[in-house]
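S.K.: compute the structure for the input listed below.
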Amino acid sequence: MAKIQWRPVVNALTTPQSYRAQVVPHNTAGYDEMAADISSAHPNYNAELVRSLAPLIMEWVQTRMINGDQVTLEDAVTFHTTIVGRLDSPDASLPDDEELLQVKVYASRPFVLGVRKEARLERLPMNEKQPLITSAEDTKLKLANVLNPGGVLHLTGSNLFFEEDDPDCECVLEGTRSGKTKQSVFASISNSEILLVPDIPAQANAWNNEYTVTVTTQYTEHGTQRTSTYRRKLRTPLTVVPGNDDGILTGRATSPYVTVTGAALAANETVRIQAVLDLHLGELFFNLLDMKEGGEEGEAVRVTADGPYTLSGFAGSGLTGLDLTVNNFSALSEMIRNTYSGRLVDVLNMEAGT
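M.R.: Residues are numbered from 1 along each chain as shown. Here you go, the predicted structure:
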């Protein structure tokens, strides 16, 4: 069992100076991690089903609170609303304040005691400030973790600032197979964000479209260099011409895990292809998506082994069908599981050809 990690940090509110213990989370778990963990511990519950139910539970909690209820999940947590504001008299109206109504969530005593009983603590050394990249988005396509040669890459985080002309500081894009480029065209650099026009290094093969981004800072002239590599991989759009057997959905491999063998395409169009891993069944599900998160999507196709598959288009798309061949189901599944938290998406610039 992993331990709860903590480190001492300066308590700025005390004189003389003192320190407090600050918990350092290993990572941030959400619906996807919940589904995977529950399905692994209870194989009768399909991860996809758990993932679909979890947001519905929170929606039910919110609806109950909107209707004036308190929600108590026994031996777990309680959700309730409060009103913040002062009344000058018993019959005074409530203040006109959009933050008047607040939502409070607190853990039950059995829940807290359960955590205290099982948890173990691990002390980390005190450290100085460290750069941290928390998100990356292409500002043109408005898509997370996409590295678009025709766009601007927006990195957010903390302690990211560095001087562009400082030879000891840099922002670097590096291909997971080959290629590495120090970035030189910045629109903005601050502690909380970096905006840059990406200079993307070429890799050995067209299907090697996976990259890392790293920021190196130095907070004083003779200080220690501090480096942060974004925990997610960035992927560049792929140009696909039906009939060319272009590779997609691959990482650093010397041969593509998936190739496009044909398409029913009326005109050039940019779409996305998604591969989702069912962690319980060990199966993949492919489907086509439009270029907006939460937008139109085609029917999911179950993929269980190497071989040919055909994906249908989505409403409003000129791409009505995409023919694929899965060349290495095992390696693709392993990559999606270990590197992409169960979901891999590629942007495809589909060209109708002549």
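S.K.: how close does the residue nearest to Pro95 when sequence neighbours are not counted get to Lys104?
M.R.: In this structure, Pro95 finds its nearest non-sequential neighbour in Gly85, 4.5 Å apart by Cβ to Cβ, 6 or more residues apart in numbering. Bear in mind the C-beta positions are built from the backbone N, C-alpha and C, glycine included. According to Cβ to Cβ, to the nearest Å, Gly85 stands 15 Å off from Lys104.
S.K.: do you have the helices of the protein handy? List them.
M.R.: 31-41, 47-66, 109-118, 329-339 (DSSP state H).
S.K.: how deep is the residue nearest to Pro95 tucked in, by neighbour count?
M.R.: Residues near Gly85, counting by other Cβ atoms under 10 Å, number 12.
S.K.: would you mind measuring from it to Gly68?
M.R.: 18 Å.
S.K.: so for Gln218, what's the pLDDT?
M.R.: Gln218 carries a pLDDT score of 85 in this model.
S.K.: go on, Asn127?
M.R.: In this model, Asn127 carries a pLDDT of 67.
S.K.: what about the closest residue to Asp166 other than its chain neighbours, how many residues close to it?
M.R.: Spatial nearest neighbour of Asp166, chain neighbours left out: Gln218 (6.7 Å); criterion: Cβ to Cβ, 6+ apart. Using other Cβ under 10 Å, Gln218 has 16 neighbouring residues.
S.K.: same check on Asp246?
M.R.: Other residues close to Asp246 by other Cβ under 10 Å number 20.
S.K.: quick check: closest non-adjacent residue to it.
M.R.: Val240 (4.6 Å).
S.K.: for this protein, which spans come out with low pLDDT?
M.R.: The chain contains residues with pLDDT under 70 at 10, 12-17, 127-128, 222, 353-354.
S.K.: list of residues touching the top strand by length along it?
M.R.: Taking DSSP state E as the criterion, the chain has its longest strand at strand 269-278. With contacts defined as Cβ atoms under 8 Å, 6 or more residues apart in numbering, strand 269-278 is touched by 46-48, 237, 248-249, 283-291, 297, 300, 303, 311, 317-319, 322, 332-333, 336-337, 342-350.
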